[in-house]
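Q: coords please:
(one chain, ligands or ions: 1)
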Amino acid sequence: MARVAIVTGGTRGIGEAISIALKAQGCTVVANYAGNEAKARAFTEATGIPAYCWDVGDHEATQAGCARVEAEVGPIDVVVNNAGVTRDGTLHKMSFEDWNDVMRINLGGCFNMAKAAFPGMRERGWGRIINIGSVNGQSGQYGQVNYAAAKSGIHGFTKALAQEGAKFGVTVNAIAPGYIDTDMVAAVPASVLEKIIAKIPVGRLGHADEIARGAAFLASEEAGFITGSTVSINGGQHMY
Ligand code: NDP
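A: Here you go, the predicted model:
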């Protein structure tokens, strides 16, 4: 039986590339998204992967969404917590809403998805949870106390849950991407982006499928001895 994989924010950017890579690897894939219906429709038409809409930052909606996926597709074996947003601003200008949205979606989304899927994985003795962090969660970033805190939290969440899953065949890992050429990075002003690229040793932005290859490997049968790890895929930025 094919493994059932769900990718949050799986219809666009890095998530879209991960959805496609997991399907190519033989998984039955479901993508979640937040509300961009036009993009989700185009994604499903192009890939044949069904898309389910809910806010991963909403605990009840996530439990209901995952229950619907399990009823319609099957028990969830692989979760890729990829959905994420930015609400950048320096602390003195950042509103509580901008702080809370990022914590609720980027970090709370990981908890909400794990609450829905981890118990079943544990009972069945096999599972893969892959959390998408960020180089900025490792290094901090000016104007991103919310995003850096949420992404840094993902790395702690990963190590703690990995300890709970290890003896049940459930691995939990993170990927910390560097700067990748998606809509999220397209929103960064060109002058700022130029300075960022100048600090990336390989001298370019990454591509979504370069993150997807890492995620597909961590989701595979062969990756069962890797757990609690963070894989940095960042063109050599911050080599630590
Ligand atoms: P995009 O902005 O291109 O895509 C974001 C995806 O997440 C969309 O599918 C969006 O759905 C979905 N999404 C947003 N909010 C929610 C929500 N509340 N509930 C469910 N889905 C949601 O992002 P990227 O592909 O660039 O980033 C993907 C992940 O990688 C994020 O976690 C990001 O923080 C991380 N990352 C990205 C980097 C980069 O350089 N791009 C660098 C490091 C980390 P919809 O289409 O409906 O809006």
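
Q: so Gly203, which of the three states?
A: Assigned with DSSP: H, G, I helix; E, B strand; the rest coil, Gly203 falls in the coil class.

Q: quick one, what contacts it?
A: Residues in contact with Gly203 (Cβ atoms under 8 Å, 6 or more residues apart in numbering) are 197, 235. For the C-beta atoms, the positions are set from N, CA and C on the backbone; glycine is no exception.

Q: got the phi/psi numbers for it?
A: phi 80, psi 20 (degrees, to the nearest 10).

Q: per-residue confidence at it?
A: Among the per-residue scores, Gly203 shows a pLDDT of 95.

Q: What distance do you get for it to Ala31?
A: 32 Å (Cβ to Cβ, to the nearest Å).

Q: Now tell me what touches the longest strand seen in the chain from outside.
A: If you go by DSSP state E, the chain has its longest strand at strand 170-177. Under the contact criterion Cβ under 8 Å, 6+ apart, strand 170-177 has outside partners 14, 118, 121-122, 126-135, 137-138, 151, 154-155, 158, 161-162, 165, 206, 211, 214-215, 218, 223-224, 226-234.

Q: Which of those fall within strands?
A: Per DSSP E, the contacts of strand 170-177 map to strands at 127-132, 230-233.

Q: could I get those as JSON lines with neighbour count, pLDDT and distance to Ala198?
A: Compiled in JSON lines, these are given as follows (neighbours: other Cβ atoms under 10 Å; pLDDT from 0 to 100; distance: Cβ to Cβ, whole Å):
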{"residue": "Gly127", "neighbour count": "25", "pLDDT": "98", "distance to Ala198": "41"}
{"residue": "Arg128", "neighbour count": "29", "pLDDT": "99", "distance to Ala198": "36"}
{"residue": "Ile129", "neighbour count": "28", "pLDDT": "99", "distance to Ala198": "35"}
{"residue": "Ile130", "neighbour count": "27", "pLDDT": "98", "distance to Ala198": "30"}
{"residue": "Asn131", "neighbour count": "27", "pLDDT": "98", "distance to Ala198": "29"}
{"residue": "Ile132", "neighbour count": "27", "pLDDT": "98", "distance to Ala198": "25"}
{"residue": "Thr230", "neighbour count": "16", "pLDDT": "97", "distance to Ala198": "25"}
{"residue": "Val231", "neighbour count": "18", "pLDDT": "97", "distance to Ala198": "24"}
{"residue": "Ser232", "neighbour count": "20", "pLDDT": "96", "distance to Ala198": "19"}
{"residue": "Ile233", "neighbour count": "17", "pLDDT": "97", "distance to Ala198": "19"}
